[in-house]
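Chemist: quick one, fold the following:
(one chain, ligands or ions: 3)
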Amino acid sequence: MSRLEQQTNPLLPESATVPQHIAIIMDGNGRWAKQRGKKRVVGHKSGVESVRATVTTAAKCGVKALTLFAFSSENWQRPASEVSVLMDLFMYVLTREVKRLHKNGIKFKVIGDVSKFSNKLQKMIQESEALTAENSGMVLSIAANYGGRWDITQAAKQLASKVETQAISADEITETMFHEQTSLASLPELDLLIRTGGDYRISNFLLWQAAYAELYFTEVLWPDFNETEFTKAITQFKQRERRFGKTSEQVTDKN
Ligand code: IPE
Ligand code: IPE
Ligand code: MG
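Modeler: Numbers count the residues shown, from 1 in each chain. Ligands and ions are numbered 1, 2, ... in the order given. Below you'll find the model as predicted:
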């Protein structure tokens, strides 16, 4: 089935070319809860519904890869009680949602330094990845204990050890070889990076991968991010001119 045939979202124009790879910094859960006089964790719980809706919309639109920032390497600095709720929520979601993802042909991956998680959580991650490994639908990557600088560092380490064992020499290293060692290397290039919650920063997310991504920032807090909001981002992406260093004339010239 072609990408256009898959595109059944009524909110999108028929001819829209959807981004192949979208990543989202899901921010604003705490403020969403605070606005309602509730504890921050209530916002995190509500955010799960937005994750569900976003995965469904992305798959429906024919997006090939969706990467969601769930927990940054810096988020360990939050109060222990909040970190603990986030870990419990992660396990709950893995137990409840992965079967549904599998049924829908979605391939589930976790990126980040999972070695810092409890053994139980690591086992659940491994089982979820194994269950969905052969699926050929959209790839859903959850960034957990992820940091862009960590990713670049671990890629450098892998190349350094190849040099150490003399599998390659240092001056043979190319951008492509480096890229191959980073998380998400097997996926299409990142096309669109969305951040909800009104802040205009990357917060150590996909530093390497975002080199030529289109950036989309919205004030909408993550628990309020729904199909309509997601569609706005995709529609805006479609209207952007991606020049990749060329001139506008070069990229619009059809000949
Ligand atoms: C994003 O929401 C979720 C995580 C970082 C885990 P926040 O918890 O950062 O919500 P705000 O930014 O404080 O509103
Ligand atoms: C980024 O949000 C991390 C996630 C959404 C998981 P933060 O709320 O942690 O970002 P900063 O600290 O405000 O930059
Ligand atoms: Mg935040």
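Chemist: list the contacts of the residue in the stretch 101-250 of the chain positioned nearest to ligand 2.
Modeler: Residue nearest to ligand 2 within the stretch 101-250 of the chain: Ser203 (3.6 Å; CB to the nearest ligand atom). Any C-beta I mention is one placed from the backbone N, CA and C, and that applies to glycine too. Listed by CB atoms under 8 Å, 6 or more residues apart in numbering, the contact partners of Ser203 are Ile25, Asp27, Phe69, Ser72, Glu74.
Chemist: any idea where the helices of the protein begin and end?
Modeler: 3-6, 29-35, 40-61, 80-103, 119-132, 148-164, 175-181, 227-239, 248-252 (DSSP state H).
Chemist: distance to Ile111, mean neighbour count and mean pLDDT added to the ones you listed, as a markdown table?
Modeler: Converted to a markdown table, the helices of the chain look like this (distance: least, CB to CB, whole Å; neighbours: other CB atoms under 10 Å; pLDDT from 0 to 100):
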| stretch | distance to Ile111 | mean neighbour count | mean pLDDT |
| --- | --- | --- | --- |
| helix 3-6 | 24 | 12 | 41 |
| helix 29-35 | 20 | 19 | 98 |
| helix 40-61 | 16 | 19 | 97 |
| helix 80-103 | 14 | 15 | 95 |
| helix 119-132 | 11 | 15 | 96 |
| helix 148-164 | 8 | 15 | 98 |
| helix 175-181 | 13 | 13 | 98 |
| helix 227-239 | 21 | 17 | 97 |
| helix 248-252 | 31 | 10 | 94 |
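Chemist: tell me which of those sits nearest to Leu193.
Modeler: Leu193 sits nearest to helix 227-239 of all these, at 9.8 Å, using CB to CB.
Chemist: ligand 2 contacts on this structure?
Modeler: Ile25, Met26, Asp27, Phe69, Ala70, Phe71, Ser72, Asn75, Asp199, Arg201, Ser203 (CB under 6 Å from any ligand atom).
Chemist: so for the residue in the stretch 1-150 of the chain that ligand 1 sits nearest to, what's the nearest residue that isn't a sequence neighbour?
Modeler: Of all residues in the stretch 1-150 of the chain, the one sitting closest to ligand 1 is Gly30 (2.8 Å; CB to the nearest ligand atom). Take Gly30 and drop its neighbours on the chain: the residue closest to it by CB to CB, 6 or more residues apart in numbering is Arg40, 4.0 Å away.
Chemist: so which bits of this protein are right by ligand 1?
Modeler: Residues of the chain lying near ligand 1 (CB under 6 Å from any ligand atom): Met26, Asp27, Gly28, Asn29, Gly30, Arg31, Phe71, Asn75, Leu86, Gly197, Trp222.
Chemist: export those to TSV and tack on distance to Ser136?
Modeler: Listed next are the residues of the chain next to ligand 1 as TSV, based on distance: CB to CB, whole Å:
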residue	distance to Ser136
Met26	26
Asp27	31
Gly28	33
Asn29	32
Gly30	37
Arg31	38
Phe71	28
Asn75	32
Leu86	31
Gly197	33
Trp222	29
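Chemist: of all these, which two lie farthest apart?
Modeler: Pairwise distances among the residues of the chain next to ligand 1 were taken by CB to CB; the largest, 17.5 Å, belongs to Arg31 and Phe71.
Chemist: done for today, thanks.
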